[in-house]
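Visitor: Could you work out the structure for the sequence below:
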Amino acid sequence: MPRSTVRALLVTMLLAGCSNATAGPASSPSPSPRQAQSARPDVLMTVVGGPAAGSYRSDSTSTSANCAHNADGSWRAYYAGSEPWFSIDLLASGHASEPGGSSEVALEVNTGAGYLWIDPAGIRGGDKPGRSPVTVEFRATPAGTTLVVTGTTPNRTPSGDGEVSRVELEVSCAIV
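Guide: Here you go, the predicted model:
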C-alpha cells in the first residue's frame, strides 16, 4: 500500500475515533492482524528531559484504555489514568518499523505537567522532517504484541522549540 494511502488512512482512522479500520490487509513486518483488543493494555513510559520527565505505569483501574490491531496492520493504543496521571495516544501503521517508517507513527503524551507530541505523520499538526525522530518495534509475545516506541521531540514554547524530551514507551497488547 503506498505511504500516501497509509497516511490518509491514519488520518481517517483518527478522525473517525479509530474503532477498527476496514481497509484491506497490507503486508508489513507488524505481526499479522489478530484483531487484538485489550480493555487494559499494559503501558510503561519513561520521559527524560522537559516538564513531563518521569516514569509512568498503567494501572488496572483505568476506564480509558484500549489497544487495537486493525485489519490493515495498523495499531492504535490509548490510555489515561494512574498516579501520577498520564495519557498516551499512539497510532502506528504496520509499516512503522520499516526503514523510513517514522512518518507512519503519531504519539501524543500528556502528563499534566507536560504535553508532547511526536508527529512526523502530520496528523496532529505535523513536525518538520527530523524534528521528532521516532522508531517503532513490534515484538510478538505469547500473550500478544508489545509496541516499543522511542523518540525525541522538543517541547513547544511560545517562543519556539524548547528543551528536548526523550520518550521511551512500551505498550503490551493482549490477544483476546
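Visitor: neighbouring strands for the helix or strand in which Thr153 is found, and are they parallel or not?
Guide: According to DSSP states H and E, Thr153 maps onto strand 144-157. Partners of strand 144-157 in the sheet, by DSSP bridges, are strand 134-141 (antiparallel), strand 160-174 (antiparallel).
Visitor: Of all those strands, which one comes closest to Lys128?
Guide: Comparing those by their distance to Lys128 (CB to CB), the top pick is strand 160-174, with 10.0 Å. (C-beta placed from N, C-alpha, C; glycine too.)
Visitor: For that closest one, give the mean pLDDT please.
Guide: Strand 160-174 comes out with an average pLDDT of 93.
Visitor: Stretch 110-130 too?
Guide: Mean predicted confidence for stretch 110-130 is 81.
Visitor: Can I get that stretch in PDB? Just the C-alpha atoms.
Guide: The C-alpha trace of stretch 110-130 is given here as PDB (Å, rounded to 0.1, in the frame of the first residue of the first chain):
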ATOM      1  CA  ASN A 110       0.200  14.300  28.400                       C
ATOM      2  CA  THR A 111       1.400  14.100  32.000                       C
ATOM      3  CA  GLY A 112      -0.400  17.000  33.400                       C
ATOM      4  CA  ALA A 113       2.900  18.700  33.900                       C
ATOM      5  CA  GLY A 114       4.000  18.400  30.300                       C
ATOM      6  CA  TYR A 115       2.500  17.800  26.900                       C
ATOM      7  CA  LEU A 116       4.400  16.300  24.000                       C
ATOM      8  CA  TRP A 117       3.700  15.100  20.600                       C
ATOM      9  CA  ILE A 118       5.800  13.200  18.100                       C
ATOM     10  CA  ASP A 119       4.200  13.600  14.700                       C
ATOM     11  CA  PRO A 120       6.200  13.000  11.600                       C
ATOM     12  CA  ALA A 121       3.000  11.800  10.000                       C
ATOM     13  CA  GLY A 122       1.400  15.200  10.100                       C
ATOM     14  CA  ILE A 123      -1.700  14.000  11.900                       C
ATOM     15  CA  ARG A 124      -1.600  16.400  14.900                       C
ATOM     16  CA  GLY A 125      -0.100  19.500  13.400                       C
ATOM     17  CA  GLY A 126       3.000  17.800  11.900                       C
ATOM     18  CA  ASP A 127       6.600  18.000  12.600                       C
ATOM     19  CA  LYS A 128       9.200  19.300  10.100                       C
ATOM     20  CA  PRO A 129      11.400  16.400   8.900                       C
ATOM     21  CA  GLY A 130      13.900  15.500  11.500                       C
END
